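Chemist: Here is the input, now give the coordinates:
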Amino acid sequence: MKQFKKVLAGVAVAAALATSHASTINVGGVVWDPDSSFDFTGTTATITQSINPLTGELSGFGNVTILNNTTQNIFAPGAELTIQYSGFLPSVESAIPGPAGGGTQIQYTGGLIQFFIDSTPDTNQGTTLTFANTGDGLLWLSLVGHAQEGGITFVGTNFFPSVLQGAGLADVIGGLAAGNLNTNTQPDGSDMKFSTTFTSFVNPLSPLNSNGSGTLTGNSIPEPESLALFGMGLLGLAASRRRKSA
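Modeler: Alright, predicted model coming up:
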């Protein structure tokens, strides 16, 4: 029994050491350092957003320009990481930002956010973004809006004609990096918090089509599969030693 407890303690210590001394990891061609003080942050300086004039749904697309304080040629060498979102619906039916914002707020429910890693870059680092070329490649990370009180996942603030702003929470549900980013370490047990800011409007008289930027913040697990296998191996060793001593 004492030996079993020692091995269990060894599992915990080894896992802690592996986490605290994690090396840079590569998930599907996206490289980042989970030990970085910036872990885990992403920035897109180029988001194009549309608001459906009938339903008020928010949707948009862009590409990630900074990840963990490194530029695209560092975190995705020879590739690009793009983003799309949709399905954020106003909690009050068909509510849309008005032409004179004054700081009014609209609450949203639902929402889907997806990241794609593309080994054949075609957005020219944000100057030729389209819905098509930001949705090709492999699904790197998929998230849904994290519902808080009343099912609210996102809150947008309307200061049009100067700016639209918003903030929300999201939960990881899939993608290549799901195992590294499904941590439940953000507010209310979510995996990510995100924000958007839009200051450039296609029509200066309407907030429905705009360009801006966004940020995503969470935490990452260095190598979830290898740590799990390592732990299982040690537990197997402990069980073996117990049988021998019995």
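Chemist: Pull the number of nearby residues for the closest residue to Gly174 other than its chain neighbours.
Modeler: Leaving aside its chain neighbours, Gly174 sits nearest to Ser142 (4.2 Å; criterion: C-beta to C-beta, 6 or more residues apart in numbering). Bear in mind the C-beta positions are built from the backbone N, C-alpha and C, glycine included. Neighbouring residues of Ser142 were enumerated by other C-beta atoms under 10 Å; the total is 19.
Chemist: Contact partners for Ser142?
Modeler: Neighbouring residues of Ser142 by C-beta atoms under 8 Å, 6 or more residues apart in numbering: Leu112, Ile113, Gln114, Phe115, Val172, Ile173, Gly174, Gly175, Ala178.
Chemist: Got a PyMOL select line for the buried ones in those?
Modeler: In PyMOL, this line selects whichever of the contacts of Ser142 come out buried by 16 or more other C-beta atoms under 10 Å:
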select buried, resi 112+113+114+115+172+175+178
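Chemist: just the contacts of Ser142 now: which is nearest Val155?
Modeler: Closest to Val155 out of those is Ile113 (15.6 Å), distances taken as C-beta to C-beta.
Chemist: Just after the helix or strand that contains that closest one, pick out the following helix or strand.
Modeler: Assigned by DSSP states H and E, Ile113 belongs to strand 104-118. Next along the chain after strand 104-118, taking DSSP H and E as the criterion, comes strand 138-145.
Chemist: Pull the contacting residues for the nearest residue to Gln165 once chain neighbours are set aside.
Modeler: In this structure, Gln165 finds its nearest non-sequential neighbour in Thr157, 4.7 Å apart by C-beta to C-beta, 6+ apart. Counting by C-beta under 8 Å, 6+ apart, Thr157 touches Gly101, Gly103, Thr104, Gln105, Leu164, Gln165, Gly166.
Chemist: Tell me how far Thr157 lies from Leu169.
Modeler: 16 Å (C-beta to C-beta, to the nearest Å).
Chemist: now swap in Gly111 and tell me
Modeler: 10 Å.
Chemist: Now for Ser195: which residues touch it?
Modeler: Ser195 is in contact with Gln165, Gly166, Ala167, Gly168, Gly214, Thr215, counting by C-beta under 8 Å, 6+ apart.
Chemist: and it, helix, strand or coil?
Modeler: In three-state terms, and counting by DSSP: H, G, I helix; E, B strand; the rest coil, Ser195 is strand.
Chemist: Share the number of residues neighbouring the closest residue to Ile152 other than its chain neighbours, please.
Modeler: Sequence neighbours aside, Gln107 is the residue nearest to Ile152 in space, at 4.8 Å (criterion: C-beta to C-beta, 6+ apart). Residues lying near Gln107 (other C-beta under 10 Å) number 17.
Chemist: Read off the pLDDT value for Gln107.
Modeler: Predicted confidence (pLDDT) for Gln107: 98.
Chemist: Please name the bridge partners of it.
Modeler: On the basis of DSSP bridges, Gln107 is bridged to Val155.
Chemist: correct me, but it touches Ser91?
Modeler: Yes - with contact defined as C-beta atoms under 8 Å, Gln107 and Ser91 form a contacting pair (4.5 Å).
Chemist: joint contacts of these two?
Modeler: Gly150, Ile152.
Chemist: re earlier: compute the inter-axis angle for the strand holding Ile113 and strand 138-145.
Modeler: Here strand 104-118 runs at an angle of 160 degrees relative to strand 138-145 (axes from the mean of the first three to the mean of the last three C-alpha atoms, to 10 degrees).
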